[in-house]
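>>> build me a model:
(one chain, ligands or ions: 1)
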Amino acid sequence: MTDPAPPGPIWAETDLDAIRHNARLLMEKARPDEAVAVVKANAYGHGAAPVARALGGVGVRRFAVARLDEAVTLRKAGVDGPLLVFAAPLDGELAAYERHGLTAAVSSPEVAAAVAERGGLTVHVKVDTGMHRLGFAPEAAADAVRRLQAAPGVTVEALWTHLATADGDDAAFALEQVRRFDGVLRDLGDAAPPLVHVRNGPAVVRLPPLTSRPALARLGGVLYGLASDPAMHAAMRGLRPALRLVSRVVHVQTVAAGESVSYGRTWTAERPTRVATLAAGYADGVPRALSNRGEVGLGGRRFPVAGRVCMDLLLVDLGAPDGPGGAVARGDEAVVFGRGGPSAEEAAAAAGTMAYELTCGLAARVPRVFRGQNAG
Ligand SMILES: *Cc1c(COP(=O)(O)O)cnc(C)c1O
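As a prediction, this is how the structure comes out:
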């Protein structure tokens, strides 16, 4: 089941078949690691619950999110099975972890003490091997694992860490992080938890399995066909982008030579120019940095953004009234990013950011449409 194109002026369209295709490919590639689908931030803007259901249909059993609230929302949407929350839990949140059967990340002695005191939780102990964001120092991690293992009602299912340079060219630092992680496992010996996880999506694409132990791979952006980095983009052949941000032309005019458009008068027509107004703005998640820099797709062609992106609207330079853009009419579909327009990576580059930020930044007011088998 697939929804028809909405009549409204803007929508975001998620292709669930593309995500399923990517998941199948990546589960194969990640082997022998088991895939954990990272569906934080509303599945990078793609719609967490429909995405999780679609992934469940191709055999993904484990999920991860960034925050407790995201996990509770997924549970309420019927997503059961192992669900890891990456965040460092606050003491007031632990009861909800237990109530919803969530896996807690333990990243500090304070959290370990709170978990040990209440019991009733499955945890993944995080080691800070060089990202210096969350996690136990390598020399403190083994002791923390042993203490948690001794706490009544606590199950230490995994030891894990996060790489700082998996998507870039600094593979040497990734391997240094792995070396530090292996040191903790050596300290633990037979007390090592049954699972480990190190690789995120870029690491699965660019690095081999990093351990002979039973491992998980945390797949994020790659599931959605998003490249975190130009080097990644080249390595991602076969993965399909899944999101399109589509807006409609709500007004078309010919702007006279010498007249400017939008706030601040940063774009001026050099000759009589057709200009389309789209119902898409920074309050929808279109970066204002695309002002005079981005492009949109209209009828299979690309046209530049003219002047400043506004809160609710943006303007497009269609060129000469008798040129190919002259046929653009009110109601036409314009692609801000995705199939039929610039890729999320191209739009992100024009805005000076990365594709993830673009898709994660889609505003709640943008209606959602799901395409593909079992959509809706
Ligand atoms: C977001 C996140 C991931 C997924 O990363 P991608 O680069 O999108 O594959 C994996 N692990 C952690 C801890 C994360 O926060």
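
>>> in the protein, what residue lies closest to the ligand?
Across the chain, the shortest distance to the ligand (CB to the nearest ligand atom) belongs to G220, at 2.2 Å. Every residue, glycine included, has its C-beta placed from N, CA and C.

>>> which regions of the protein lie under the pLDDT threshold?
The chain contains residues with pLDDT under 70 at 1-3, 374-376.

>>> need the helices for it, in chain order.
Per DSSP state H, the chain carries helices over the ranges 16-30, 40-45, 48-56, 68-76, 94-99, 109-118, 138-150, 171-188, 201-206, 230-235, 344-351, 355-360.

>>> picking that back up, so what's the residue of the chain closest to the ligand closest to, chain neighbours aside?
Using CB to CB, 6 or more residues apart in numbering and skipping the chain neighbours, the partner closest in space to G220 is V38 (3.8 Å).

>>> quick one: residues contacting that neighbour.
By CB atoms under 8 Å, 6 or more residues apart in numbering, the contact set of V38 is F63, A64, V65, N200, G201, R218, L219, G220, L223.

>>> for it, give the beta-bridge partners.
Beta-bridge pairing of V38 under DSSP bridges involves A64.

>>> follow-up on the earlier one: OK, contacts around the residue of the chain closest to the ligand?
Per CB under 8 Å, 6+ apart, neighbours of G220: V38, K40, Y44, N200, G201, Y356.

>>> could those go into TSV alongside distance to the ligand?
As requested, the contacts of G220 are exported to TSV (distance: CB to the nearest ligand atom, whole Å):
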residue	distance to the ligand
V38	4
K40	6
Y44	7
N200	4
G201	3
Y356	7
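
>>> by neighbour count, which of those residues wins?
Most neighbours among the contacts of G220, by other CB atoms under 10 Å: G201, with 28 neighbours.

>>> and the strands in the stretch 251-376 of the chain, which stretches?
Assigned by DSSP state E, counting those that start in this stretch, the stretch 251-376 of the chain shows strands spanning 260-261, 267-268, 273-278, 295-298, 301-306, 314-319, 333-337, 368-371.

>>> distance to G130 added to the helices of the chain, as JSON lines?
Shown next, in JSON lines, are the helices of the chain (distance: least, CB to CB, whole Å):
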{"stretch": "helix 16-30", "distance to G130": "22"}
{"stretch": "helix 40-45", "distance to G130": "22"}
{"stretch": "helix 48-56", "distance to G130": "30"}
{"stretch": "helix 68-76", "distance to G130": "26"}
{"stretch": "helix 94-99", "distance to G130": "27"}
{"stretch": "helix 109-118", "distance to G130": "19"}
{"stretch": "helix 138-150", "distance to G130": "9"}
{"stretch": "helix 171-188", "distance to G130": "5"}
{"stretch": "helix 201-206", "distance to G130": "14"}
{"stretch": "helix 230-235", "distance to G130": "19"}
{"stretch": "helix 344-351", "distance to G130": "26"}
{"stretch": "helix 355-360", "distance to G130": "21"}
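
>>> show me the contacts for the residue nearest to V79 when sequence neighbours are not counted.
Distances taken as CB to CB, 6+ apart place A52 nearest to V79, at 4.7 Å, with adjacent residues excluded. Residues near A52 by CB under 8 Å, 6+ apart: A37, V39, A43, F63, L74, A77, V79.

>>> what about the spatially closest residue to V51 that is not a sequence neighbour, neighbour count?
Spatial nearest neighbour of V51, excluding adjacent residues (CB to CB, 6+ apart): A43 at 4.0 Å. Each residue near A43 was counted by other CB under 10 Å, and the total is 30.

>>> with L148 instead?
Considering only other CB under 10 Å, L148 is surrounded by 21 other residues.

>>> just to revisit the earlier point, ok, which of the strands of the stretch 251-376 of the chain comes nearest A18?
Closest of those to A18 is strand 368-371, at 8.7 Å (criterion: CB to CB).

>>> give the other helices and strands that that closest one contacts.
Contact here means 3 or more CB pairs under 8 Å, 6 or more residues apart in numbering; DSSP states H and E; on that basis strand 368-371 packs against strand 10-15, helix 16-30.

>>> how about the last one: buried residues?
By neighbour count on 16 or more other CB atoms under 10 Å, the buried set for helix 16-30 is 16-23, 25-27, 29-30.

>>> list the contacts of D317.
W267, T273, V275, F303, P304, V305, A306, G325.

>>> run the last query once more with 6 Å
D317 makes contact with F303, P304, A306, according to CB atoms under 6 Å, 6 or more residues apart in numbering.

>>> was I right to think the last one contacts S262?
The one in question is A306. No - with contact defined as CB atoms under 6 Å, A306 does not reach S262; the gap is 7.2 Å.

>>> so what sits against both of these two?
Joint contacts of A306 and S262 (CB under 6 Å, 6+ apart) are L315.

>>> comparing the two, which residue is more hemmed in?
Ranked by neighbour count (other CB under 10 Å), A306 and S262 place A306 first, with 25 against 20.

>>> quick check: beta-bridge partners of the more buried one?
L315.

>>> break the protein down into its structural domains.
32-226, 243-371 (automatic domain parsing).
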